[in-house]
Each structure stands twice: as structure tokens, then as C-alpha cells.
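1. Pasted the sequence and its predicted model underneath.
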Amino acid sequence: MPTMDRRQFLKLSAAMGAALAWGGAFGRPSKSGWREQRDLYPQGVASGDSDDNSVLLWTRRPYADGRKSAKLLVEVAEDSAFTRVIATTSAQVSAASDWTCRVLVGHLSPAAEYWYRFVDDKGNGSRIGRTLTAPSPDDPRPTRFAFVSCQDICIGHLNAYRRMIWEDERAAPEERLGFVLHLGDFIYEVVAYPDQVKNGHEYDRLVTFPIRYPKGKVVAKNRFWVPDSLEDYRVAYHAYLQDPDLQDARARWPFVAMWDNHEFSWQGWQTIQEYPGTEGWVPAQTLKVAANQAWFEYQPARVSPPGRSLDTFAAPQVVDAPVTAFDDDGLGREPNNLAAIDSLIVYRALRWGRHIDLILTDQRSFRSRDPGLSDELAALFEGDALGWVPEELAMQLDGGRDYGGGQPPAQLAFRDRRVANFRAGKAAQTMLGATQKAWFMERLRGARATWKIWGNSLGTPDWRVDPKNLPPAFGPWPGKGFAVMATSDWGGTYHERAEIFDAVRDAGITGFAIVSGDRHSFWAGYAAKALPPEAFEPVGVTFVGGSISSPGMFEASEHNLKKDDPLRPLYVANPAGGPAQCSANLLLRHGVRSALAFAARGDMEEARAASNPDLAPHLTFVDMGGHGYSTVRVDADTMATEFVCIPRPLQRSATPDGGPLRYRVRHEVALWRAGERPQMRQTVLEGDPGLAV
């Protein structure tokens, strides 16, 4: 049993805004009179952030009879029939917290399975939830978890969760998942109303309208509605958590959640909103606080609200003030900006047995502005159809005054155009901010588990392509060599990414692995700060999981690039008039010649023979059309990551297995010694990953 005493747990639960339930040594039959009334608990139950002796429990029990608050009884048992109840407590729900409650259950056994439920004063009960505690820090047994991201319920279905549940129920107990790591875009705050959707579809997807904001505002030239109040954000969570697949998953496993952008704002950073097609920054400190509060109310995470109240979030009073002055790390010093960001700090670390130190970082609240969004670049790329950025230009934008050893160019250039280097006097881009980065480095260097797993919402592999191999019809490429397709995530944050990877190398850290989301695609490969012709020196492995439901690059290209568009074969192949295949996978992993060869003749051997070996030694797998989830199994010697890919979730699966699989691919890496390079082995276990391998 754990050594932390009840008084210490009471302080911990108060710090997290949670009621406390204290586990007992002997179980007794339930006396609550519970009878299930799921309709009274419309968002179900959930648990999260387990450690080896405690776990957070969650539910929502709304009332519409005019009362301001109510009490619920919480029961925790060692069996699903609740004949061995080991903890009970009273928890308050209130209108001020949107009728949600959080309960920290302590004095539990490590690596144990528990069941829990909530009961109101009339015996009306929630559904029963199942949760798990973490193994003790010295537990040598293998452990397994899943990671997911990007679940838009308006244009897709969450069949991946149904498949995950079905497989886990049939797995041997020692091979079942211990937790689900959600890496962001749990909700999408951008929603379309019927009058904004042409023919009722996006691509081949039937758009549904489960969300209508009580207030809301129109953005992006009337393409979307977004929240404009705390109640708006809450309404989005209400809708998402009524999805049966998501609700069943939260009732089966503890979740560990990290937000990305859509929990606040599409292109938001710090407390600032930006929307495509809309000029200027929108100060949104009040909405950042509202988004943080709603996330806190609906995610059972070990994070502290500013007031540390058991009942309410205690949101700071802020106003929407322009953010114009930034420190050397890109953090806006405007007081309301700082107060809104600090209203909820969610980066944190968890230990799961001997083999996992999980370190979670927040890529949105502290980042400097993405230089790729700068208006100054419009003059450089006006009329450009290719959409690729020279690699050296991307590095100049990222590095600012630190580029080239402190010698940035005076001008930025593309083709025959030049603009003054507006980044020349500014610090390098930061994704983490100074305070979080210092915390992250300290936790990483101090991690003692076999595998040091960095969970973050944004992928780290470079999005590199080789435009010098384009046919003459595209015209000469004006860059020095390679180009990048995107710069908005860690793939274009060269300076700070190198700083992190150098720290891993210099500290002799082994077992360094990155899991991330956001790209709506599956990627596997190596964590390296530079690619050829620079020295390629991997310090770890990196994985990006496909989206649960949100459309990706392949789907967008298939519908947006016309059949006669010369760019189409680089992204979509229809050899011999057959079904569309994702040649973008070949483009990113093997290069332009490979993608065009396959699109022309459909010969995979010819396509691979045309591979550019200097393009992407960091990649072993890319599927820009992949949906599904990923699992990770670790032990003292090996990390095995499986990509479980499903077809596009255009319709909700009618079968309990969540529908068919496209493929299951395992990426296995043995633990390496300090100074060695990791080596990844890939195995196709089921199905056909097509052009991804």
C-alpha cells in the first residue's frame, strides 16, 4: 500500500479542486441503493491521470429544477458488482462548475483494477466506470498504452475507439491497455452551421450539426462559428461526450489528456486568435480563460485551478487587451495575457512502472507566433502554386537572429522576389517558452525509467521534399536544395528542437521516444536535429498517430486537386484509372521522382528504385491518409509501437468491433546504449499499408 497519509492526500485533492475518497483495506457490499439512470448523467463517467496509489474520477450530473448545487455519493469497488466497496465519499456538483465534479481516490493498490459509480440522493446512478492504477515505480512488468488525437464529430465518426475497446476486451490481462493518452483536439471549436455547408457535405463526408453555440461568433469569412463565451465551450464538450464510442472509452480506461489548438482556437497562440481570411490578431484573454475552465471541468487531469476550490474554477478577471509587447522568448507581457495563460498550467509528468516516464508539454499556451503566418511573406509567395518553402528560408524564419551562428541574412528571398528579413533582430521561435522548457529539460534529464516518452500534441519529423527533382515543366527550383511542405509544428521549429535533441545527446539519455498527433496521419522514424547534407545523428525515435476522425492531406488532395492539375500526381495517384492512392507518402519518404513514377505506371519497384536516399533517412513510415489509433508496449529491452489503421470513418460502425481494419503495422526498437543510434524494425501484422512502407 502507498505511504502518503490521509492528510497529505487531502491537501493534494484540494490543490486539484477535487473531493477526496480514501481507500480501505476491506471491501463491503454497497448500501447506496444505486440504480442506473444514464440519462441523468448524459456525459457519462471518466477517470484520469492515475498514479500508483490514486486516480481522479469524474462525472456530470446536471439539474434543471432551479437548485444551485447538489451532493453525489461516489463508490469505488474492487469488483464490478460492488460487493467489495473500498471507498465512498460525498462530492458536490454545482451550476458554477456546469454540474461536473472531480474526486481524487487515494490509498489504492498499485497496478490494480477498480470500478466506480456516482449516485444522487434519490438513488439515481451513473453508468459504472472501470479504471486502473499505475504500477509502482519499481514494477518490472511490461506496460501498454494507446495514444490518440483529432476527433471531429461533425464530419466523422469515432469508430477507432470501438475497435480499441473490442480488442482490449479480448486481450490477455497482461496485454491490456493501462491508459489512453489523448494528444489534443479532443473537441473542435470550429463548427459549421447548415447554411455554411455546400450540399451538406465536406468531401464525401456528411456534415452533422450536433453543436449550436448559445452565443458564438462567425469567423473566416463566414466559414465557421466558434465559441464566444464559457457556455459555448461547455456546449461543445456536452456534444462530444454524448458520443457513445468516446463515452465508452472514457468509462473503460483512465485518460491522460493534453490540449492542442482546437480546445481554444484554430490558429490561436497564447491568448491571441487568428483566422484564415481575417486580417489582424484578435485579443481573446477572456476566451482563453473560458477554454481553460471548460477543459478543467471536463478532463480529469492532475492540474490545479488558480483558486484551488473544490467546487469552482475561480477564473481570474481579465479583459481582452491588445498584446503588443513581447519578451525575448516571444511571450506577451500584457498582464491579461499572462493571467489568462496562468489560469491553468497543464504540462506535467507521470510515472508508469519501471519502464515509463511520461513527460507532457503544452505547445500552444507559451509559443511565440508562428513566423509562417507573417504578412510579410505574402509578397514572396504571391502566385506560387507549389506551396513549398525552401528549407533554408524555413530555417531563417525559425532561427531569427540566431540563424547561421548569429549571422542572419538581411533579406529573405524566394524566386525573383526579396523582402527585408523581419526576423533578423528577433529571437528564435519557441514552442515551449522559457519556463516550460526549463521544466521539461529538468524532467528529461532526471527521468530514470527505461523509456523517456515525450507526449506532445505536435509532430517532430521534418516535412521535407526534393523539388530539384521536379520535371522541367514546373520550372527551375529557386532554393539551394530541399524544401518543406509545412512549418507550423516541430518539423519547422529547428532551433528549439535541436536544443532539446542536443540535451538528450549530451546527457547520454537512452530510450528517448516521442509520441504526438495533429498531423492527421501516421509517421514513424528517428528523432534527429538535422538531415543530409548535414550530419544525421538520431538521438531517439518519433511517432505521429493518425487522426481518430478528422480529414487529412490525402483526402483533401483527392478532392481539391483536379485530374488535370500537374501537382495531383505528387499527392494522389490513379494508375491505370484505378482507385486513388496516396502518392504523397512516396513524395515525403522517397521523393518527387518516386511519387511521379508510381503515379504514371503504378509500379512499386520502379517507384522505390527512384528513391532519393538523402531526402528522408529520418522516416521509416508515412501514411498521409491514415485514421485510427496507436499502441505502445514497453519492457526492459524493447519499445513496440503499433499503428492500427481503419478506413475513413464516414459512417458509424454498426458492429461491435468498430468495423474492418486497413492495416496493423508494428515498429519495434531495442533499447540502445548512450552514444549508439536507435534501430527500428518494421513488421506488417495485418492488412496492406500500401504506399506507406
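-> Thanks, I have the structure now.

2. what about the helices in the stretch 451-600 of the chain?
-> 494-506, 553-560, 568-571, 584-589, 592-601 (DSSP state H, counting those that start in this stretch).

3. Can you convert those helices into a markdown table and add a column each for distance to residue 646, mean neighbour count and mean pLDDT?
-> (C-beta placed from N, C-alpha, C; glycine too.) Converted to a markdown table, the helices of the stretch 451-600 of the chain look like this (distance: least, Cβ to Cβ, whole Å; neighbours: other Cβ atoms under 10 Å; pLDDT from 0 to 100):
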| stretch | distance to residue 646 | mean neighbour count | mean pLDDT |
| --- | --- | --- | --- |
| helix 494-506 | 31 | 18 | 98 |
| helix 553-560 | 14 | 19 | 97 |
| helix 568-571 | 21 | 22 | 98 |
| helix 584-589 | 17 | 27 | 98 |
| helix 592-601 | 24 | 22 | 97 |
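
4. Touching, residue 128 and residue 80? I think so.
-> Yes. Counting by Cβ atoms under 8 Å, residue 128 touches residue 80, with 6.4 Å between them.

5. overlap in contacts of these two?
-> residue 115 (Cβ atoms under 8 Å, 6 or more residues apart in numbering).

6. Between these two, point out the one with more neighbours.
-> The residue with more neighbours, out of residue 128 and residue 80, is residue 128; 18 against 12, by other Cβ atoms under 10 Å.

7. Other residues contacting the worst-scoring helix or strand of the chain on mean pLDDT?
-> Between all helices and strands in the chain, the lowest mean by mean pLDDT, DSSP states H and E belongs to helix 6-15, at a mean of 81. With contact meaning Cβ under 8 Å, 6+ apart, helix 6-15 is reached by 4, 19, 20, 22, 54, 104, 106, 107, 304, 308, 310.

8. can we see that at 7 Å?
-> 19, 20, 22, 104, 106, 304, 308, 310 (Cβ atoms under 7 Å, 6 or more residues apart in numbering).

9. Just put those residues in JSON lines and tack on distance to residue 614, secondary structure and neighbour count.
-> Putting these into JSON lines (distance: Cβ to Cβ, whole Å; DSSP: H, G, I helix; E, B strand; the rest coil; neighbours: other Cβ atoms under 10 Å) gives the following:
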{"residue": "19", "distance to residue 614": "58", "secondary structure": "strand", "neighbour count": "20"}
{"residue": "20", "distance to residue 614": "58", "secondary structure": "strand", "neighbour count": "22"}
{"residue": "22", "distance to residue 614": "60", "secondary structure": "strand", "neighbour count": "19"}
{"residue": "104", "distance to residue 614": "52", "secondary structure": "strand", "neighbour count": "25"}
{"residue": "106", "distance to residue 614": "55", "secondary structure": "strand", "neighbour count": "22"}
{"residue": "304", "distance to residue 614": "48", "secondary structure": "coil", "neighbour count": "17"}
{"residue": "308", "distance to residue 614": "54", "secondary structure": "coil", "neighbour count": "14"}
{"residue": "310", "distance to residue 614": "58", "secondary structure": "coil", "neighbour count": "19"}
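
10. Pull the most distant pair out of those residues.
-> 22 and 304 (20.4 Å; Cβ to Cβ).

11. about what we covered before: which of the contacts of helix 6-15 sits closest to residue 348?
-> residue 304 (9.9 Å).

12. Skipping its backbone neighbours, what lies nearest the closest one in space?
-> Distances taken as Cβ to Cβ, 6 or more residues apart in numbering put residue 15 closest to residue 304, at 5.2 Å, once the chain neighbours are dropped.

13. For that neighbour, grab the count of nearby residues.
-> By other Cβ under 10 Å, neighbour count at residue 15 equals 14.

14. measure it to residue 610 for me?
-> 58 Å (Cβ to Cβ, to the nearest Å).

15. do residue 14 as well
-> Residue 14 is 63 Å from residue 610, by Cβ to Cβ.

16. Of the two, which one has the most company?
-> residue 610 (19 against 16).

17. From residue 515, how far off is the closest residue to residue 112 other than its chain neighbours?
-> Nearest non-adjacent residue to residue 112, counting by Cβ to Cβ, 6+ apart: residue 133, 5.1 Å away. Taking Cβ to Cβ as the measure, residue 133 falls 22 Å from residue 515.

18. Over to residue 548?
-> Taken as Cβ to Cβ, the span from residue 548 to residue 515 is 15 Å.

19. Could you do residue 26 as well?
-> 40 Å.

20. Neighbour count for the two, which is higher?
-> residue 515 (25 against 7).

21. and that one, what does it touch?
-> 147, 181, 453, 455, 543, 632.

22. How about residue 137?
-> Contacts of residue 137 by Cβ under 7 Å, 6+ apart are 52, 351, 354.

23. swap in residue 605?
-> Contacts of residue 605 (Cβ under 7 Å, 6+ apart): none.

24. A helix includes it, no?
-> Yes. Assigned with DSSP: H, G, I helix; E, B strand; the rest coil, residue 605 falls within a helix.

25. Quickly note the distance from it to residue 375.
-> Residue 605 is 47 Å from residue 375, by Cβ to Cβ.

26. Correct me if wrong: residue 510 contacts residue 672.
-> Yes. Checked against Cβ atoms under 7 Å, the pair residue 510 and residue 672 is within contact range at 5.6 Å.

27. in what helix or strand does residue 394 lie?
-> helix 391-399 (DSSP states H and E).

28. What mean pLDDT does that helix get?
-> In this model, helix 391-399 has an average pLDDT of 98.

29. Remind me what it packs against, helices and strands.
-> strand 411-414, strand 483-484, helix 494-506 (3 or more Cβ pairs under 7 Å, 6 or more residues apart in numbering; DSSP states H and E).

30. which residues touch the longest one?
-> Spelled out, that is helix 494-506. With Cβ under 7 Å, 6+ apart as the criterion, helix 494-506 contacts 395, 398-399, 402, 428-432, 441, 444, 460, 490, 512, 527-529, 539-540.

31. PyMOL command for the buried members of those residues?
-> To isolate the buried members of the contacts of helix 494-506 in PyMOL, using 16 or more other Cβ atoms under 10 Å:
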select buried, resi 395+398+399+402+428+429+430+431+432+441+444+460+490+512+527+528+529+539+540
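
32. The host helix or strand of residue 621 - which strands sit beside it in the sheet, and in what orientation?
-> Here residue 621, judged by DSSP H and E, is contained in strand 619-623. With DSSP bridges as the test, strand 619-623 is paired with strand 522-527 (antiparallel).

33. isn't residue 158 right next to residue 247, touching?
-> No. Counting by Cβ under 7 Å, residue 158 sits too far from residue 247 to count as a contact (9.6 Å).

34. Between these two, which has more neighbouring residues?
-> For residue 158 versus residue 247, neighbours defined as other Cβ under 10 Å are more numerous around residue 158 (26 against 22).

35. Let's verify residue 195: helix, strand, or coil?
-> Residue 195 is classified as helix under three-state DSSP.

36. Then the one 4 residues further on?
-> Under the three-state scheme (three-state DSSP), residue 199 adopts helix.

37. dump the residue contacts of it.
-> Residue 199 neighbours (Cβ under 7 Å, 6+ apart): none.

38. how near is it to residue 205?
-> Residue 199 is 11 Å from residue 205, by Cβ to Cβ.

39. likewise residue 21?
-> The value you get for residue 21 to residue 205, if Cβ to Cβ is used, is 43 Å.

40. These two - which one has more neighbours?
-> Neighbour count, other Cβ under 10 Å: between residue 21 and residue 205, residue 21 has more, with 27 against 20.

41. count of neighbours near the residue nearest to residue 112?
-> Neighbour tally, residue 133, other Cβ under 10 Å: 25.

42. Got the confidence number for it?
-> So residue 133 comes in at 98 (pLDDT).

43. Angles on the backbone of it, please.
-> phi -90, psi 160 (degrees, to the nearest 10).

44. That one: what's it in contact with?
-> 50, 52, 53, 55, 108, 109, 110, 111, 112 are the contacts of residue 133 under Cβ under 7 Å, 6+ apart.
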